[in-house]
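Q: what follows is a predicted structure for the sequence shown.
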Amino acid sequence: MWYEVIKRLIDLLGSIVLSIVFAPVAIITAIAITLDSPGPVLADTPRRVGKGGGLFRIYKFRSMIVNAHAKLRTDPKLARLYSQYKRNSYKLKEDPRVTKVGKFIRRHSLDEIPQLINVMRGEMSLVGPRPYYQDELVQQQRKYPHTKDLVSVVLSAKPGITGYWQVSGRSEVNFDKRIKMDADYVRKRSILLDITILLKSPWAMISGKGAV
C-alpha cells in the first residue's frame with residue numbers, strides 16, 4: 001500500500017529532522033529534570049499497546065517522581081487518587097506525583113520528544129492514535145462496552161506522537177469520545193490528513209490546551 005510506504009518515509013525523515021531541531025531543547029530539558037528531582041531523565045512507565053496489540057516501551061522524559069505509575073496502583077495512600085484517575089479516563093488535572101519541571105514539560109509536550117526514538121524504531125508514527133496503556137484499554141472498555149469495536153480499529157494502526165484528538169482538545173476529551181476520534185482517523189487516514197495534523201501540532205504544543 002503506497003500510503004504505508006510514503007508514511008514510513010515521512011516518519012523516518014521527519015523524526016531525524018525533528019531530533020536535530022529539538023536537540024538543544026532536549027538537552028536543556030534533561031538538565032532541568034536532573035536538577036529538579038532525583039531519578040533518571042527518562043520515565044519508567046508501563047508498556048503501551050502498539051499496532052496489533054503488541055506491547056512496547058515508550059520513551060518519555062520523566063515528569064513525575066520515581067516509580068510514579070507503580071505507586072499510584074499499589075500505594076494504599078493513593079487508592080482514592082487511583083480511583084479518580086480511572087474515573088477521569090486515566091488523566092488527573094491535579095496530580096501530586098508531577099514535579100515542578102514536569103508540569104511545564106507536560107503542558108507543552110516536551111516530555112514526548114524522546115518518542116522520536118520510537119518512530120525511528122518503527123514502533124510509532126509521527127501521526128496516529130494515542131498509545132494507550134494495557135490496563136487502561138481493559139478498564140475503559142468495561143466502562144464503555146460500546147467502544148470494543150472502535151478499539152480493534154485503533155489497534156490496526158501504529159500509535160502516534162500526535163494525532164487527531166491531540167490537536168482537538170487533548171485531555172479534555174473522555175475515553176469514549178477519544179477512541180472514536182482515533183478510530184475515525186484510522187478509517188480516514190491519508191497523507192493529506194497526516195500533514196494537516198502535523199501542521200496543527202505546533203500550536204497544540206505552544207498553547208498547551210487541554211494538557212495535564
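A: Cool, the structure landed.

Q: quick check: next helix or strand after the longest helix seen in the chain?
A: Once the chain is assigned using DSSP state H, the helix that runs over the most residues is helix 2-21. Per DSSP states H and E, the first helix or strand lying C-terminal to helix 2-21 is helix 23-36.

Q: list the helices and strands the helix or strand that that following helix is followed by packs on?
A: Of the helices and strands lying after helix 23-36 in sequence (DSSP H and E), the nearest is strand 48-49. Applying 3 or more Cβ pairs under 8 Å, 6 or more residues apart in numbering; DSSP states H and E, one finds that strand 48-49 contacts strand 55-56, helix 134-143. No exception for glycine: its C-beta is placed from N, CA and C like everyone else's.

Q: how about the longest helix of the chain as PDB, C-alpha atoms only?
A: Output of helix 2-21 as PDB, limited to C-alpha atoms (Å, rounded to 0.1, in the frame of the first residue of the first chain):
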ATOM      1  CA  TRP A   2       1.500   3.300  -1.100                       C
ATOM      2  CA  TYR A   3       0.200   5.100   1.900                       C
ATOM      3  CA  GLU A   4       2.100   2.900   4.300                       C
ATOM      4  CA  VAL A   5       5.400   3.300   2.300                       C
ATOM      5  CA  ILE A   6       5.100   7.100   2.000                       C
ATOM      6  CA  LYS A   7       4.100   7.400   5.600                       C
ATOM      7  CA  ARG A   8       7.100   5.400   6.700                       C
ATOM      8  CA  LEU A   9       9.400   7.600   4.700                       C
ATOM      9  CA  ILE A  10       7.900  10.700   6.200                       C
ATOM     10  CA  ASP A  11       8.300   9.200   9.700                       C
ATOM     11  CA  LEU A  12      12.000   8.400   9.100                       C
ATOM     12  CA  LEU A  13      12.900  11.700   7.600                       C
ATOM     13  CA  GLY A  14      10.700  13.700   9.900                       C
ATOM     14  CA  SER A  15      12.000  12.000  13.100                       C
ATOM     15  CA  ILE A  16      15.600  12.600  12.000                       C
ATOM     16  CA  VAL A  17      15.000  16.300  11.200                       C
ATOM     17  CA  LEU A  18      13.000  16.900  14.400                       C
ATOM     18  CA  SER A  19      15.600  15.200  16.500                       C
ATOM     19  CA  ILE A  20      18.200  17.700  15.200                       C
ATOM     20  CA  VAL A  21      15.800  20.700  15.600                       C
END
